[in-house]
Every structure is written in C-alpha cells, then in structure tokens.
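# Show me the folded form of this:
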Amino acid sequence: PTVSEVREAFARAVELFEALGVKVREIEIPHMDLVPAVQTCTSRTENVAAHVSHLKNSPRDYSPSMLYRHVTSLMIPAATYLTAQRVRRVLCKEFDEALRQVDFFLAPTVPFPAPTQEECRRGFMEADGKRINLEGPGGNLGTRFTIPFNVTGLPTLSLTCGFTSTGLPIGMQIACPSFQEGR
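Residues are numbered from 1 along each chain as shown. All right, here's what the predicted structure looks like:
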C-alpha cells in the first residue's frame, strides 16, 4: 500500500462529489498548525483524569507508550490547559467562519494506508519507498486529519472512499457545522 493510493482514492471521491453537482474549493484555517498542541493540552489532560487512580495503583496495566502519554499529560499545568482552551475557542471560530463559505468539509481520514501491527510496534512504516514515522512532533500521524474535528467538536463522519491494492479500506471524512448532523 502507498500514500499515493490514499491521495488518489480521495481525489476520485472528490471528483464524484463534483459530478453530483457539489462545488468544491479549498479552504484555509488560519491557525490550523496549533490544533495538535491544543489537542495535547486539552484532550489528553481531560482523558487522563479518569485514569489517575488506576495509574497510581496499576501502572503496568498500560502499554509503555500509553503510560508515557498519561504520565506526561498529568504534568500539563492548569495555566497551559486554560490557554489551550482559549486557543481552541479561536480555532472553533475560524472553523465556523470557514463553514459559512462552504456547506461541509471533505478530508482524508488518515494520510497513509493502515499500518500493520508490526509497523505499529516498531513505530514506523514504509510507503512509497519512504520511512514514515507514526509519531511526530504533533503527535500520532494516524490522527493528524481527525483531531481538527475532535478539537472543534464538529460532527464528522468517516466512510470508505476506496481500497488499497492489498484490500485495505481508505477513509474520507465529511464534517459539517455544529448541530448540523442531518447534512
């Protein structure tokens, strides 16, 4: 499987939308680069809150990477969390403004084919002759395209838009304005 298969399947899906009469245009969100930091400082902090007791009593129940993620999440200062929530509001406003220009967003769900269990264990995969690290400075690359909608809370549906040459599904997301799930 290759990254180009994901790109091509998504392009074909967009072409299908256009054939159905949807006018497609690219939209830019000014502070999109801040989404991973906001997600790390808000979602991870909120997620770990339910695990504190179990972390104290049974830390070995967690995989090394999950334990590391939870422990580092516990060290995020409250002031940082509050700042991230303020930035989240800015991002939500920017997404809302963009959604006044279009009816919905289309985006790939994941930027590369599904990695194997072995690739997940070693932390990288090979695609298109290149090594792709599954973790980057902004977090898990498998969630890079989904976290903008997690952070903003926009209703989003992921569906299959094609398959790799090895039969793995390729996902596409459709996201719409808040409380507009019916679209």
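# tell me which element Glu8 is part of?
Per DSSP states H and E: Glu8 is located in helix 3-19.
# ok, residues contacting the very next helix or strand once past that helix?
Note on helix 3-19: by DSSP H and E, the next helix or strand toward the C-terminus is helix 35-49. Residues from elsewhere that reach helix 35-49 (Cβ atoms under 8 Å, 6 or more residues apart in numbering): 55, 69-70, 72-74, 76, 80-81, 83-85, 87-88, 91, 137-139, 144, 147-148, 150-151. C-beta here means a position set from N, CA and C on the backbone, and glycine is covered the same way.
# List the buried residues of helix 35-49.
Judged by neighbour count (16 or more other Cβ atoms under 10 Å), helix 35-49 contains these buried residues: 35-45, 48.
# Could you do stretch 53-63 as well?
Applying 16+ other Cβ under 10 Å to stretch 53-63 flags 55, 62 as buried.
# Give me the mean pLDDT for it.
Mean pLDDT, stretch 53-63: 93.
# Use 47 as the first number from now on
Fine by me, first position is 47 from now on; the one you just mentioned is stretch 99-109.
# Off-centre distance for that stretch?
The chain centre lies 26 Å from the centre of stretch 99-109; the measure is Cα atoms, centre = their mean, to the nearest Å.
# Need the distance between the two termini of that stretch.
16 Å (Cα to Cα, to the nearest Å).
# Could you list the low-pLDDT ranges of this structure?
Applying pLDDT under 70 to the chain flags the ranges 47, 183-185.
# Spatially central, which residue of it would that be?
The centroid of the chain falls nearest to Thr192 when counting by Cα atoms, centre = their mean (2.3 Å).
# was I right about that one contacting Gln219?
Yes - in this structure, Thr192 is within contact of Gln219 by Cβ atoms under 8 Å, at 6.9 Å.
# any idea how far Thr198 is from Glu61?
27 Å (Cβ to Cβ, to the nearest Å).
# how would you label Leu203: helix, strand or coil?
strand (DSSP: H, G, I helix; E, B strand; the rest coil).
# Now list whatever residues contact both of Thr192 and Gln219.
155, 202, 204.
# most neighbours, which of those?
In terms of neighbours by other Cβ atoms under 10 Å, the shared contacts of Thr192 and Gln219 top out with Thr155 at 21 neighbours.
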